[in-house]
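[1] Got a sequence here, can you model it:
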Amino acid sequence: MEKLLSILSDLHPEIDFSSHSALIDEGVLDSFDIVTIIADVDDAYGLSIPAAEIVPENFNSALALFSLIRRLS
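    Presented below is the predicted three-dimensional model:
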């Protein structure tokens, strides 16, 4: 999870990703951020996120994204 929080923090250092739970719903992350996160997750974890998994629910919080990473691993 620390690796993921570091990836997210690099995008928006002003956001506390460990506690924020509406990243997409509140417009904190935009489509460019999602593309960057997908590429960084691929680099850091060695896995690709399938298009079917690129839905707001999987990117609304660091915990949701980490759950996705664990499921795909």
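
[2] make it CA atoms for all contacts and neighbour counts henceforth
    Noted.

[3] what's stretch 23-38 in contact with?
    7-8, 11, 22, 48-49, 56, 59-61 (Cα atoms under 8 Å, 6 or more residues apart in numbering).

[4] would you list the residues you listed in a markdown table and tack on distance to Asp33, pLDDT and neighbour count?
    Below are the contacts of stretch 23-38 laid out as a markdown table (distance: Cα to Cα, whole Å; pLDDT from 0 to 100; neighbours: other Cα atoms under 10 Å):
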| residue | distance to Asp33 | pLDDT | neighbour count |
| --- | --- | --- | --- |
| Ile7 | 11 | 96 | 17 |
| Leu8 | 9 | 97 | 21 |
| Leu11 | 7 | 95 | 14 |
| Ala22 | 14 | 96 | 17 |
| Ser48 | 16 | 95 | 15 |
| Ile49 | 14 | 97 | 14 |
| Pro56 | 12 | 96 | 15 |
| Phe59 | 10 | 97 | 22 |
| Asn60 | 12 | 97 | 21 |
| Ser61 | 13 | 97 | 20 |
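
[5] Just flag the most distant two among those.
    Ala22 and Ser48 (23.2 Å; Cα to Cα).

[6] Ala64 versus His20, what's the distance?
    According to Cα to Cα, to the nearest Å, His20 stands 11 Å off from Ala64.
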